[in-house]
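# just coords:
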């Protein structure tokens with residue numbers, strides 16, 4: 001099927017969904033297809049990065065969407081607060097549905113691609129458009145019987161699985177991004193797919209190891225823990241990326257500890273050459289590090305269920321250890337034991353282009369027939 005026109009609907013909360021959208025757009029362009037437009041949700045306070053529309057090579061429209069509140073104790077969705085808050089926003093949601101309907105009539109895409117945005121699922125149920133939709137997200141792997149959850153999180157597990165099912169409403173296929181292959185589940189409309197990773201990754205050297213650790217801090221206040229370990233272990237070279245807008249672009253704390261302001265390209269380039277990585281358990285960052293053959297020390301956000309799930313995946317595969325602090329001695333001890341076979345993941349990711357194009361062409365052809 002040639003000249004496929006896809007309309008993307010992307011959850012704006014979290015850079016991972018934006019990264020997946022850019023990766024799939026690139027795959028489609030290489031196969032002679034295109035993205036006619038992207039609709040990105042605005043549910044919280046995240047500002048859409050400037051590079052997104054440029055790299056997508058398609059117009060972007062932002063629309064209001066539901067905001068999901070998290071219980072700070074359990075880190076699961078607070079359904080009571082979420083339902084009450086969003087019940088007063090139906091006027092905004094109706095406007096979003098109208099915008100989506102207008103875009104469909106004007107652009108006439110062959111297929112909708114939903115990057116884990118619940119608004120898309122509710123739109124499919126309400127409007128019943130004839131255009132088929134596929135839903136994309138590593139969270140759909142939670143619905144697979146082969147997926148292993150962390151123990152002791154039953155409330156969070158039920159909450160997360162409920163939200164995942166809601167997000168996939170109306171989809172003809174749910175593409176479950178995974179670090180490994182697994183059988184499809186036709187009864188659940190689930191197909192297991194490789195991770196969608198940014199193109200820049202594939203131009204980087206693999207299996208290169210230089211004597212420094214790379215650290216990502218989700219909050220600059222955690223730098224005190226890095227400094228404390230560094231003071232005890234000054235012989236280890238550390239490069240630490242933090243979200244400190246008050247700091248200089250590069251801050252040399254000492255001869256062997258350097259802080260960098262967040263910079264996606266620089267971080268990725270340094271990831272390719274480091275000896276080991278300390279980061280949270282975000283799916284995309286884990287997959288990138290594993291693809292490059294880097295030992296991982298995962299420090300999930302406190303009581304963040306989804307990140308704990310990702311961490312279990314990484315540790316079960318032998319690619320990572322999971323900790324609840326920033327004691328880098330754990331990483332030092334883990335590196336000699338690291339035995340993850342990155343070639344299997346590389347081969348799996350190498351199939352991504354043909355697999356995604358095949359799935360989207362197949363679903364789009366249903367409309368044409």
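Perfect, I can see it now. Predicted, not measured: the structure shown is a model, and the values here were computed from it. Numbers count the residues shown, from 1 in each chain.

# Do a quick rundown of the strands in the stretch 201-350 of the chain.
Along the stretch 201-350 of the chain, the stretches classed as strands by DSSP state E, counting those that start in this stretch are 213-216, 238-242, 250-252, 257-261, 276-279, 296-298, 320-322.

# Can you say which of those is packed in most?
Ranked by mean neighbour count under mean count of other C-beta atoms under 10 Å, the strands of the stretch 201-350 of the chain are led by strand 296-298, which reaches a mean of 25. To be clear about C-beta, it is placed using only N, CA and C from the backbone, and glycine gets the same treatment.

# Could you name the helices and strands sitting against it?
Contacts of strand 296-298 with other secondary structure elements, assessed using 3 or more C-beta pairs under 8 Å, 6 or more residues apart in numbering; DSSP states H and E, are made with strand 276-279, helix 283-291, helix 305-316, strand 320-322, helix 329-334.

# before we move on, the earlier item: distance to residue 23 and mean pLDDT added to the strands of the stretch 201-350 of the chain, as CSV?
Supplementary listing: the strands of the stretch 201-350 of the chain in CSV, determined by distance: least, C-beta to C-beta, whole Å; pLDDT from 0 to 100:
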stretch, distance to residue 23, mean pLDDT
strand 213-216, 20, 96
strand 238-242, 21, 95
strand 250-252, 29, 94
strand 257-261, 24, 95
strand 276-279, 19, 95
strand 296-298, 21, 96
strand 320-322, 22, 94
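
# Redo these as TSV? Include distance to residue 108.
Below are the strands of the stretch 201-350 of the chain laid out as TSV (distance: least, C-beta to C-beta, whole Å):
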stretch	distance to residue 108
strand 213-216	42
strand 238-242	43
strand 250-252	49
strand 257-261	43
strand 276-279	42
strand 296-298	44
strand 320-322	45
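
# just to revisit the earlier point, figure out which of the helices and strands packed on strand 296-298 is closest to residue 56.
In terms of C-beta to C-beta, the element of these nearest to residue 56 is helix 283-291, at 16.6 Å.

# quick check: angle from that closest one to helix 305-316?
Here helix 283-291 runs at 10 degrees with respect to helix 305-316, directions being taken by axes from the mean of the first three to the mean of the last three C-alpha atoms, to 10 degrees.

# list the helices and strands helix 283-291 packs on?
Going by 3+ C-beta pairs under 8 Å, 6+ apart, helix 283-291 lies up against helix 15-30, helix 264-273, strand 276-279, strand 296-298, helix 305-316, helix 342-350.

# Please work out which of those is packed deepest.
Among the helices and strands packed on helix 283-291, strand 296-298 has the highest mean neighbour count (mean count of other C-beta under 10 Å), at a mean of 25.

# Can you list the strands that that strand pairs with?
In the sheet containing strand 296-298, the strands it pairs with under DSSP bridges are strand 276-279 (parallel), strand 320-322 (parallel).

# mean confidence for the strand ranked longest in the chain?
Ranked by number of residues, the top strand in the chain under DSSP state E is strand 34-42. For strand 34-42, the mean pLDDT works out to 92.

# Quick check: buried residues in that strand?
Of the residues in strand 34-42, those buried by neighbour count under the rule 16 or more other C-beta atoms under 10 Å are 35, 36, 37, 38, 39, 40, 41, 42.

# those helices in the stretch 101-250 of the chain, which residues are they?
Along the stretch 101-250 of the chain, counting by DSSP state H, counting those that start in this stretch, helices occupy 118-127, 154-167, 223-232.

# got the helices and strands packed on strand 296-298 as JSON lines, with distance to residue 162 columns?
What follows is those, written out as JSON lines (distance: least, C-beta to C-beta, whole Å):
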{"stretch": "strand 276-279", "distance to residue 162": "28"}
{"stretch": "helix 283-291", "distance to residue 162": "20"}
{"stretch": "helix 305-316", "distance to residue 162": "13"}
{"stretch": "strand 320-322", "distance to residue 162": "25"}
{"stretch": "helix 329-334", "distance to residue 162": "34"}
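
# and these, which one's lowest on average pLDDT?
Sorting the helices and strands packed on strand 296-298 by mean pLDDT places helix 305-316 lowest, at a mean of 89.

# Mind listing residues that contact that helix?
74-76, 138-139, 142, 147-150, 153, 156-157, 159-160, 179, 280-283, 286, 290, 296, 298, 300-301, 320-322 (C-beta atoms under 8 Å, 6 or more residues apart in numbering).

# Please convert the buried members of those residues into PyMOL selection syntax.
Provided next is the PyMOL selection string for whichever of the contacts of helix 305-316 are buried by 16+ other C-beta under 10 Å:
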select buried, resi 75+76+138+139+142+147+149+150+153+156+157+159+160+179+280+281+282+283+286+290+296+298+300+320+321+322
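
# thinking again about what came up before, quick check: which of the helices and strands packed on strand 296-298 is nearest to residue 265?
Of all those, it is helix 283-291 that lies closest to residue 265, at 12.5 Å by C-beta to C-beta.

# Contacts for that closest one, please.
Outside helix 283-291, the residues within contact range by C-beta under 8 Å, 6+ apart are 15-16, 19-20, 138, 177, 179, 195, 197, 201, 206, 216, 268, 271, 277, 279, 296, 298, 310, 313-314, 317, 319-320, 340, 342, 345-346, 349.

# Centre of the chain to that helix, how far?
Relative to the chain's own centre, helix 283-291 is displaced by 10 Å; criterion: C-alpha atoms, centre = their mean, to the nearest Å.

# now it against helix 342-350, angle please.
For helix 283-291 against helix 342-350, the angle by the same axes, to 10 degrees is 130 degrees.
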